[in-house]
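Chemist: need coordinates for the following:
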Amino acid sequence: MSEGSSKARVIRAYASRLIKTYCTIRFRIINIRILEEIGQYLPEQGRILDVGCGFGLFTLFYALLAPGRNFVSLDVNAARIDQARAASELLNVSDRGPFRIGERRR
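Modeler: Residues are numbered from 1 along each chain as shown. All right, here's what the predicted structure looks like:
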């Protein structure tokens with residue numbers, strides 16, 4: 001699957017128009033060259049930790065690009081984790097890692 005079609009699928013997976021707009025802007029800010037650069041350092045198979053995943057935008061993007069990737073994704077915002085879980089269900093990648101509410105420590 002290409003990066004462009006993966007981006008579009010991830011954006012469509014969110015129910016909220018506001019979150020879709022947010023994701024569109026985030027993908028424009030972090031252009032495809034930067035995503036490719038980050039992606040080259042991620043294993044094609046294995047577990048990846050995503051701390052501060054927010055809505056799970058990049059977790060879901062990289063999960064679509066490589067079916068062997070599994071994720072543990074954490075964020076302190078429960079509402080964002082709920083949105084990430086729902087999107088992962090729609091994208092059929094929910095079996096490849098949990099989205100968990102992390103604890104903020106000081």
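Chemist: can you check the pLDDT for residue 16?
Modeler: pLDDT, residue 16: 96.
Chemist: that one contacts residue 83, correct?
Modeler: Yes - between residue 16 and residue 83 there is a contact under Cβ atoms under 8 Å: 7.1 Å. For glycine as for every other residue, the C-beta is placed from the backbone atoms N, C-alpha and C.
Chemist: who's more crowded, the two?
Modeler: residue 83 (21 against 12; other Cβ atoms under 10 Å).
Chemist: I'd like the distance between residue 89 and residue 10.
Modeler: Separation of residue 89 from residue 10 (Cβ to Cβ, to the nearest Å): 13 Å.
Chemist: compare the two (neighbour count), which wins?
Modeler: residue 10 (27 against 12).
Chemist: please name the nearest non-neighbouring residue to that one.
Modeler: residue 60 (4.8 Å; Cβ to Cβ, 6 or more residues apart in numbering).
Chemist: ok so the one you found is a helix residue?
Modeler: Yes - read with DSSP: H, G, I helix; E, B strand; the rest coil, residue 60 is one of the residues of a helix.
Chemist: what does the model give it for pLDDT?
Modeler: At residue 60, pLDDT is 97.
Chemist: residues touching it, list them.
Modeler: Residue 60 makes contact with 10, 13, 84, 87-88, 91, 93, according to Cβ atoms under 8 Å, 6 or more residues apart in numbering.
Chemist: from the residues you listed, pick the one nearest residue 51.
Modeler: residue 84 (13.3 Å; Cβ to Cβ).
Chemist: that closest one: neighbouring residues, count only.
Modeler: Neighbour count for residue 84, taken as other Cβ under 10 Å: 28.
Chemist: thought residue 53 was touching it, still the case?
Modeler: Yes - the criterion here is Cβ under 8 Å, and residue 84 meets it with residue 53 at 6.4 Å.
Chemist: spit out the residues that contact those two alike.
Modeler: 59, 73, 75, 99.
Chemist: quick one: residue 51 from residue 96, how far?
Modeler: In terms of Cβ to Cβ, residue 51 sits 17 Å off from residue 96.
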